[in-house]
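Student: 3D model of this:
(2 chains)
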Amino acid sequence: MSQPQPTSTLLPAVARGDLVAFEELYDRYSPVIYALLLRIVGTTEDAQEVLQEAFVKAWSDARIFDPGRGTEVAWLISIARNRGIDRIRARTTRSEREHDAAREISIRTANVVTTTGPDALILEQRRRAVRDALEELPEPQRTALELAYFNGLSQTQIAERLQEPLGTIKTRMQLGMKKLRERLRPESNR
Amino acid sequence: MTHEQYQDLAALEAVGATTEAESRELELHVTTCEACRRALDDFREAAALQALALEPVEPPSTVRDGVIDSVSPSSAFELPSQPRVIDVRWWAAAAVLFLALWGWRELGIRAVRETVIAQQALVQRLLEENRVIAAHGQKMQEQMEALAAPDTRTFALSGQPMAPAASARVFLQPSSRRALVFFYNMPPNPPDKSYELWIIRGDKAPPRAAGTFNVDPQTRQSSVVIDDLPVGTEIKGFAVTLEPRGGRPAPTNSNYYVAGNTSL
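Tutor: Here you go, the predicted model:
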């Protein structure tokens, strides 16, 4: 399945200090990034703080983005994900983490975004492609990948949580990632 | 480690599931391997795109204002054109503002406290890592000098029937007559045995002992530093056998675990 690209990439302009381009970057991708951070950190307060940190970092680091090595949305997601994982690891007590995670369910039903404009529609197409690819993964593979990526758990922690051997977890993640890589790679790179 | 194994590692690295040692080894490898670098980039892209499966949520407009304010130049301060009328309502508004600012201060203190705690944990982790790195500093320096020298040659040894999955990589520096050999996926040796590396000579002389090593059962890896190599043209290849503990002056068998010829 080919992956449609947005009609314009904004990071080169952002790297030149174009504030209008940066505002468009925020408007285009902040709903995706905010949803990711709500999933990772679990509270609106922390998600909003990390969202701000992530976009400020994107502004300062835009010049190092290399379009030959990935898309700008994936680059932004990686920045936000890393900051989100750092935030949850900084929480010192298990009760804080579990308390915050318990509030996650009530957060995500509000402020769902409706798509308009060609770039938003293309992003929506990519979203459907990703969901299709994830639904094709066996449940055990998808679960292991989610625990690693969204919860920041190590292979050992995932094995303990799922009561599975470490080797099994490693193999599941590798197989899952290989399938995702194949399904989500742009048509021109196959 | 084979390219396939590095790419398996890249799949785990992309979701943050590798250890720090694994991440360092992978990063070192991809600096010289374009195929594995591309694989790592593809895996990272696929991992990040998982986020697109989540239902997007519009953040509050206050966050947007905060982001833009953080990156844009500050605006000029403007004086009011007319003096304000101060009355009781102003005092009430000031009181509300004071309470809001006090609450904001408490939030700020909490945020700073969390940051300090996180930074203290980071400092402790870095101090521990520094101790580990310092302990291996000399060895790394020697290895990097050999790897970085312009006349360094590198070639692979492949697994033999005794250990088909094993492999080794040789970094040989003719000018210093020194070599570093890294072994991967080797079966752990019994306590009463040692692996011994042999230099196979091209002049039909008997193999020359180049050192013994043990294999870590956890990592299945090891390494050997060889000093005082024969002159380059005399080296035909390398091979590894399992010998009585401590090694022998000459091979006691021809059951090779890894072997290969040089291209010198």
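Student: now the helices: where do they sit in chain A?
Tutor: A:11-15, A:19-41, A:44-61, A:72-90, A:94-102, A:118-136, A:139-149, A:155-162, A:166-184 (DSSP state H).
Student: okay, those helices in JSON lines with mean neighbour count, mean pLDDT and distance to chain B next?
Tutor: Backbone N, C-alpha and C define where each C-beta goes, glycine included. Converted to JSON lines, the helices of chain A look like this (neighbours: other Cβ atoms under 10 Å in any protein chain shown; pLDDT from 0 to 100; distance: least, Cβ to the nearest Cβ, whole Å):
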{"stretch": "helix A:11-15", "mean neighbour count": "20", "mean pLDDT": "93", "distance to chain B": "9"}
{"stretch": "helix A:19-41", "mean neighbour count": "22", "mean pLDDT": "95", "distance to chain B": "3"}
{"stretch": "helix A:44-61", "mean neighbour count": "20", "mean pLDDT": "95", "distance to chain B": "5"}
{"stretch": "helix A:72-90", "mean neighbour count": "21", "mean pLDDT": "94", "distance to chain B": "4"}
{"stretch": "helix A:94-102", "mean neighbour count": "12", "mean pLDDT": "53", "distance to chain B": "10"}
{"stretch": "helix A:118-136", "mean neighbour count": "16", "mean pLDDT": "86", "distance to chain B": "4"}
{"stretch": "helix A:139-149", "mean neighbour count": "21", "mean pLDDT": "94", "distance to chain B": "4"}
{"stretch": "helix A:155-162", "mean neighbour count": "16", "mean pLDDT": "93", "distance to chain B": "5"}
{"stretch": "helix A:166-184", "mean neighbour count": "20", "mean pLDDT": "94", "distance to chain B": "4"}
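Student: check contacts around the residue of chain A most remote from its centre.
Tutor: The outermost residue of chain A relative to its centre, with distances by Cα atoms, centre = their mean, is A:P165 at 27.1 Å. A:P165 is in contact with A:A159, counting by Cβ atoms under 8 Å, 6 or more residues apart in numbering or on different chains.
Student: close enough to count as contact, A:Q174 and B:L12?
Tutor: Yes: the pair A:Q174 and B:L12 passes the contact test of Cβ atoms under 8 Å, sitting 6.5 Å apart.
Student: If we go by neighbour counts, what in stretch B:5-14 is buried?
Tutor: B:6-14 (16 or more other Cβ atoms under 10 Å in any protein chain shown).
Student: Report the spatially closest residue to B:V67, excluding sequence-adjacent ones.
Tutor: A:F55 (4.7 Å; Cβ to Cβ, 6 or more residues apart in numbering or on different chains).
Student: Regarding the residue of the stretch 101-250 of chain B found nearest chain A, what is its secondary structure?
Tutor: Closest to chain A within the stretch 101-250 of chain B is B:A118: 3.5 Å, counting by Cβ to the nearest Cβ. Secondary structure state of B:A118, per DSSP: H, G, I helix; E, B strand; the rest coil, is helix.
Student: separation between it and A:L37?
Tutor: 17 Å (Cβ to Cβ, to the nearest Å).
Student: just B:D228 next, same as before
Tutor: Using Cβ to Cβ, B:D228 is found at 58 Å from A:L37.
Student: can you tell me which residues contact B:Y184?
Tutor: Per Cβ under 8 Å, 6+ apart, neighbours of B:Y184: B:1-2, B:5, B:166-169, B:220-221.
Student: 6 Å instead?
Tutor: B:1, B:167, B:221 (Cβ atoms under 6 Å, 6 or more residues apart in numbering or on different chains).
Student: what's the burial count for the nearest residue to A:Y34 once chain neighbours are set aside?
Tutor: Leaving aside its chain neighbours, A:Y34 sits nearest to B:P59 (4.3 Å; criterion: Cβ to Cβ, 6+ apart). The local packing of B:P59 (other Cβ atoms under 10 Å in any protein chain shown) involves 24 other residues.
Student: Give me the contacts around stretch B:30-47.
Tutor: A:69-70, A:74, A:149, A:177, A:180-181, A:184-185, B:3, B:6-7, B:10-11, B:14-15, B:29.
Student: measure the residue of the stretch 101-250 of chain B closest to chain A to B:Q124 for me?
Tutor: 11 Å.
Student: which of these two has more neighbours?
Tutor: B:A118 (16 against 10).
Student: Alongside chain A, which residues does chain B contribute?
Tutor: B:8, B:11-12, B:15-17, B:41-43, B:45-59, B:63, B:66-67, B:70-72, B:117-118 (Cβ under 6 Å from any Cβ of the partner chain).
Student: which residues touch the residue of the stretch 101-250 of chain B closest to chain A?
Tutor: A:A90.
Student: Tell me the confidence at it?
Tutor: Here, the pLDDT recorded for B:A118 equals 80.
Student: which residue packs closest to the residue most central in space within chain A, ignoring adjacent ones?
Tutor: Residue closest to the average C-alpha location in chain A (Cα atoms, centre = their mean): A:I77, at 4.4 Å. The shortest distance from A:I77 to any non-neighbouring residue, by Cβ to Cβ, 6+ apart, is to B:A48 (4.1 Å).
Student: Just say helix, strand or coil for the one you found.
Tutor: Assigned with three-state DSSP, B:A48 falls in the helix class.
Student: so how far is B:I68 from it?
Tutor: B:A48 sits 24 Å away from B:I68, taking Cβ to Cβ as the criterion.
Student: So for those two, which sits in the more crowded spot?
Tutor: Taking neighbours as other Cβ under 10 Å, B:A48 and B:I68 compare with B:A48 leading, 26 against 15.
Student: give me the low-pLDDT residue ranges for chain B?
Tutor: B:73-87, B:132-133, B:135-148, B:232-233, B:263-264 (pLDDT under 70).
Student: again, 90 this time
Tutor: The model of chain B has pLDDT under 90 over residues B:1, B:19-20, B:72-155, B:171-180, B:191, B:201-206, B:216-219, B:223-236, B:246, B:261-264.
Student: Before I go, just wanted to say thanks for your time.
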